[in-house]
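Chemist: what follows is a predicted structure for the sequence shown.
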Amino acid sequence: MNALHLLITACLAASASGFIELFVGQCPKITTKTNFDLNRYLGLWFSYENFDAPFQWGSTCVRALYSIKPNGRIKVINSGYSDVRLFGRSFYRSPIRIEGEAFIVDPAKPGGLNVRFGGQPDTDGGRANYLIMDTDYDNYSVVYSCSKQSIFKIELAWILTRQKGVRPANIDTIYQTLTDYGVNVTNFKRVDHSNC
């Protein structure tokens, strides 16, 4: 069995088990928020919905805190709880927290960030891997990420809110915008914010 075949088999097995979402095709050319204002974006955001991601599997009460570091880069703290559930009931819960760093890749397009966590190496070649498509800064934010792996693409997306569990008033517009880019919004999963 050659290495590519083994990689594809492993990725498909991981996808089938719910750890990663693989899609065939190209990553769409996403436009980030025009005139993005980082200072207004800083602060606490709650994940309302997101695509399945290995690093968030089984997570509840997911939130992100953004602040400016002394070196001018962006400090990112993602936190929540890892819940192990059986028959819909949580029987084990532990806090999770990871700290990362982000920077604006191109000052002319400040909504495109490169984000890395826990000393993770730069696998994106310094390219933007966290695209803030839209935000009103006070209520919602729409974030998209896509990386190409052979014939597959790995898509991640988040709808963030300033208040936990509050459905954005413009959710239908958000879904339509993503759909217009070719993003399948049926891949969104609601994040549980009960018992946070």
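Modeler: Ah, there it is. Numbers count the residues shown, from 1 in each chain.

Chemist: contact partners for Ile68?
Modeler: Leu42, Ile74, Lys75 (C-beta atoms under 8 Å, 6 or more residues apart in numbering). C-beta here means a position set from N, CA and C on the backbone, and glycine is covered the same way.

Chemist: could you give the bridge partners of it?
Modeler: Assessed by DSSP bridges, Ile68 has beta-bridge partners Ile74.

Chemist: ok, back up a step: JSON lines please, covering the contacts of Ile68 and showing pLDDT and distance to Phe87.
Modeler: JSON lines is the format used below for those (pLDDT from 0 to 100; distance: C-beta to C-beta, whole Å):
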{"residue": "Leu42", "pLDDT": "98", "distance to Phe87": "40"}
{"residue": "Ile74", "pLDDT": "96", "distance to Phe87": "40"}
{"residue": "Lys75", "pLDDT": "97", "distance to Phe87": "39"}
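
Chemist: any idea which strand is longest in this protein?
Modeler: Looking across the chain with DSSP state E, the single longest strand is strand 89-106.

Chemist: okay, buried residues for the following helix or strand past that one please.
Modeler: Counting by DSSP states H and E, the next helix or strand C-terminal to strand 89-106 is strand 109-117. Residues of strand 109-117 classed as buried: Pro110, Gly111, Gly112, Leu113, Asn114, Val115, Arg116 (neighbour count, 16 or more other C-beta atoms under 10 Å).

Chemist: need those residues in a markdown table with pLDDT and distance to Ile104, can you?
Modeler: Formatted as a markdown table, the buried residues of strand 109-117 follow (pLDDT from 0 to 100; distance: C-beta to C-beta, whole Å):
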| residue | pLDDT | distance to Ile104 |
| --- | --- | --- |
| Pro110 | 95 | 5 |
| Gly111 | 95 | 8 |
| Gly112 | 95 | 7 |
| Leu113 | 94 | 6 |
| Asn114 | 91 | 8 |
| Val115 | 91 | 11 |
| Arg116 | 88 | 14 |
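
Chemist: make TSV out of the residues you listed and add distance to Thr177.
Modeler: Formatted as TSV, those follow (distance: C-beta to C-beta, whole Å):
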residue	distance to Thr177
Pro110	19
Gly111	14
Gly112	17
Leu113	19
Asn114	23
Val115	21
Arg116	27
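
Chemist: which of those sits closest to Thr135?
Modeler: For those, the minimum distance to Thr135 (C-beta to C-beta) is 8.4 Å, reached by Gly111.
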